[in-house]
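Asks: Sequence plus the predicted model coming up.
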Amino acid sequence: MEVYLPIANVALPTIAPLVIGVVVGALSGMFGVGGGFLMNPLLIMMGVPPTVAVATGALQITASSISGSFTHWRRGTLDAAMAGCLIAGGVVGAVLGNQAFVFLRSLGQIDLVIALAYVILLGTMGALMLNESIRAIVRSRRKIALRGKLHQHTFLHGLPLKVKFRKSRLYISIFLPLGVGVVVGIMTAIMGVGGGFLAIPAMIYLMGMPTTLTIGTSLLQITVTSAAAVYLHALSTQGVDIVLALLLILGGVAGAQAGVMFGQRLRGEQTRLLLGIIVLAVCARVAFDLVVTPDELFTIQYQPEG
């Protein structure tokens, strides 16, 4: 049975977006990432236009993140103050990213920019997470005690306007979470991703947050930032496909609950190892699609102005 997607202007098997939603929702609850880095490439490979995949993906990420963040809120595994700073920066970043998205779309280069952004960001973050998690597992098996803190102090920790984040037991400049939020907001608007695969490493290695608090905090930030990106895309690009979004959301909400329960059983280094492998696998697929010769060398498509 197929379903027609009016905005994407394609027909897909009904089960396909439901399965994608379940998988992405599970990733969201397990790792604290929006899952757009996996969902959007899959939707594009199925024939959904990249602009529609980005805008609609942000809506699905919002729904699945609400479910996951609520669960972490009840369990006390998120830092609301830290999430508030990330959200403030994220909304600003979403506005900036949406303006860049509209500009690149007018030049006809948005598809290439989205693909290159996936390759660069996913490759970099995946490699860093994989390397660190393997080293942590090796140390734990050899029973080598790690002295000092997980993160290294740099000039960023000397920035002014320091505030206390009691839940995370941190005393850092407010510019750190605000800056991370801005970058994540830009990525959400341009790539349709929640940005958790960047925010979580930044919270762990740059700010020094406990791993147990980063997932819930990231999900709460993703919820608000993605919602802002959806609103901006609906106004500027009209690329939000409600039919596709509903199918993705149905699968995503159920998957998020299962992901939270499973993620609680994994140690921090195991979580980072698994996420790093997934990120690198998606990066390899996107890079392959960039260099392989397409079946059609060019297509003609009508694009309304505005």
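Replies: Received the coordinates, thanks.

Asks: Count the residues that sit near the nearest residue to residue 239 once chain neighbours are set aside.
Replies: Among residues not flanking residue 239 along the chain, residue 55 sits closest, at 3.5 Å (Cβ to Cβ, 6 or more residues apart in numbering). Glycine gets a C-beta too; all of them are placed from N, C-alpha and C. The number of residues packed near residue 55 is 27, by other Cβ atoms under 10 Å.

Asks: Over to residue 233?
Replies: The tally of other residues near residue 233 (other Cβ under 10 Å) stands at 26.

Asks: Surely the residue nearest to residue 239 is in contact with residue 242?
Replies: No - contact criterion Cβ atoms under 8 Å: residue 55 and residue 242 do not qualify, at 10.8 Å.

Asks: Poorly predicted segments of the stretch 101-250 of the chain, please.
Replies: By pLDDT under 70, the low-scoring segments of the stretch 101-250 of the chain are 143-159, 194, 197.

Asks: which residues in it form strands?
Replies: In the stretch 101-250 of the chain, the strands defined using DSSP state E, counting those that start in this stretch lie at 162-165, 170-173.

Asks: Turn those strands into TSV, including mean neighbour count.
Replies: Below are those laid out as TSV (neighbours: other Cβ atoms under 10 Å):
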stretch	mean neighbour count
strand 162-165	15
strand 170-173	18
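
Asks: Cross-check the contact I'm expecting between residue 290 and residue 119.
Replies: Yes - the pair formed by residue 290 and residue 119 meets the contact definition of Cβ under 8 Å, at 6.8 Å.

Asks: how about the helices in the stretch 101-250 of the chain?
Replies: Listed from the start of the chain, the stretch 101-250 of the chain has helices (DSSP state H, counting those that start in this stretch) covering 110-141, 175-191, 196-201, 211-236, 242-263.

Asks: before we move on, the earlier item: name the helix or strand for the residue nearest to residue 239, please.
Replies: In this assignment (DSSP states H and E), residue 55 forms part of helix 50-75.

Asks: one step back: so between residue 290 and residue 119, which is more surrounded?
Replies: Taking residue 290 and residue 119 together and counting by other Cβ under 10 Å, residue 119 has the greater number of neighbours (18 against 12).

Asks: The nearest residue to the more buried one once chain neighbours are set aside: neighbouring residues, count only.
Replies: Once its chain neighbours are removed from consideration, residue 119 has its nearest residue in residue 287; the separation is 4.9 Å (Cβ to Cβ, 6+ apart). With neighbours defined by other Cβ under 10 Å, the count for residue 287 comes to 17.

Asks: Distance of residue 189 relative to residue 168?
Replies: Separation of residue 189 from residue 168 (Cβ to Cβ, to the nearest Å) stands at 27 Å.

Asks: of those two, who's got more company?
Replies: Counted by other Cβ under 10 Å, residue 189 and residue 168 do not tie: residue 189 has more neighbours, with 31 against 20.

Asks: What are the neighbouring residues in contact with the residue lying closest to that one once chain neighbours are set aside?
Replies: The spatially closest residue to residue 189, leaving aside those adjacent along the chain, is residue 97, at 2.8 Å (Cβ to Cβ, 6+ apart). When the contact criterion is Cβ atoms under 8 Å, 6 or more residues apart in numbering, the partners of residue 97 are 185-190, 229.

Asks: surely residue 277 meets residue 127?
Replies: No - here residue 277 lies out of contact with residue 127, judged by Cβ under 8 Å, at a distance of 10.9 Å.

Asks: Quick check, residue 11 in contact with residue 3.
Replies: Yes - here residue 11 lies in contact with residue 3, judged by Cβ under 8 Å, at a distance of 6.9 Å.

Asks: quick one, which of these two is more surrounded?
Replies: Taking other Cβ under 10 Å, residue 11 and residue 3 do not tie; residue 3 has more neighbours (17 against 11).

Asks: Which positions are bridged to that one in the beta structure?
Replies: Note on residue 3: beta-bridge partners residue 12, judged by DSSP bridges.

Asks: Could you tell me how many residues sit around residue 141?
Replies: Neighbours around residue 141, by other Cβ under 10 Å: 8.

Asks: That one and residue 195, how far apart?
Replies: As defined by Cβ to Cβ, residue 141 lies at a distance of 32 Å from residue 195.

Asks: Next: residue 23.
Replies: The span separating residue 23 from residue 195 equals 19 Å under the rule Cβ to Cβ.

Asks: and these two? which has more neighbours close in?
Replies: residue 195 (32 against 18).

Asks: if we can go back for a sec, got the phi/psi numbers for the residue nearest to residue 119?
Replies: Summarising the backbone geometry of residue 287 under the convention degrees, to the nearest 10, its torsions are phi -60, psi -40.

Asks: For residue 195, see how far away residue 167 is.
Replies: Using Cβ to Cβ, one gets 21 Å for the distance from residue 167 to residue 195.

Asks: Then residue 210?
Replies: Using Cβ to Cβ, residue 210 is found at 20 Å from residue 195.
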